[in-house]
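Participant: here are the coordinates; sequence isn't available:
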Ligand code: GRF
């Protein structure tokens, strides 16, 4: 099977980026990280990516007159790296409809809440304040509206009465690191389909022989 070329966009720490890099290093994983691009030169993730011998690039939004010019440069770099799928991993820039449409269904994001609940910032703080009993994370295809788009995979964790924003964030982050590589795997295997803005994931388990365990 051909290997899917994946670009990761970051602005900060890059722990999800690292989880994707680690997964791609597993033998037989059908995706390769072709580049990590940050809009901030000081993003911690860039050092981690370099240590893993992943090509890095900085496209600083402040160097451009407007969003469109910034995104044209981003788009050019992504094409030059041969990216076929873009993973947003803590990338703190809103993308315009032009960019989002150009990469439609090839652009995914991870968000630390069970969308459509708690889009935007301070998700854990808001979840705790409202007393929800479960929190979680979502990987979704990106649409023009922030933290919005067809949901691919979600995972949930309990919220405990004594949770702080930090303890909850740490619990959620752990499962983020599992579902993001799982999502890329499913996409790379060609099992993820979007139909009428809903995602359907084809079964990865081979059909059982009819002679065995007939139902
Ligand atoms: C993660 O919580 C992710 O869900 C959100 O931003 C955070 C990035 O963290 N979009 P990291 O840079 O991957 O460590």
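Facilitator: Great, that's in hand. These numbers were taken from a predicted model, which means no experiment stands behind them. Residues are numbered from 1 along each chain as shown.

Participant: Residue 33 bridge partners, please.
Facilitator: On the basis of DSSP bridges, residue 33 is bridged to residue 6.

Participant: Note down every partner strand of the helix or strand where residue 154 lies and its orientation.
Facilitator: Using DSSP states H and E, residue 154 sits in strand 151-158. The strands that strand 151-158 pairs with in its sheet are strand 134-141 (antiparallel) (by DSSP bridges).

Participant: can you pull the buried residues of the partner strand?
Facilitator: 135-141 (16 or more other C-beta atoms under 10 Å). Using the backbone N, CA and C atoms, a C-beta is placed for each residue, glycine as well.

Participant: okay if I get these as a markdown table plus distance to the ligand?
Facilitator: Listed next are those as a markdown table, based on distance: C-beta to the nearest ligand atom, whole Å:
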| residue | distance to the ligand |
| --- | --- |
| 135 | 12 |
| 136 | 11 |
| 137 | 6 |
| 138 | 9 |
| 139 | 9 |
| 140 | 11 |
| 141 | 15 |
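
Participant: following the strand holding residue 154, which helix or strand comes up?
Facilitator: Later in the chain than strand 151-158, the nearest helix or strand by DSSP H and E is helix 165-188.

Participant: And that following helix, what does it pack against?
Facilitator: Packing contacts for helix 165-188, counted by 3 or more C-beta pairs under 8 Å, 6 or more residues apart in numbering; DSSP states H and E, involve strand 4-10, helix 15-25, strand 31-38, strand 85-88, strand 107-111, helix 123-129, strand 134-141, strand 151-158.

Participant: Next, see if the longest one gets close to the ligand.
Facilitator: Yes: contact between helix 15-25 and the ligand, assessed by C-beta under 6 Å from any ligand atom, occurs at 15-17.

Participant: Just among those residues, which is most surrounded?
Facilitator: residue 17 (29 neighbours; other C-beta atoms under 10 Å).
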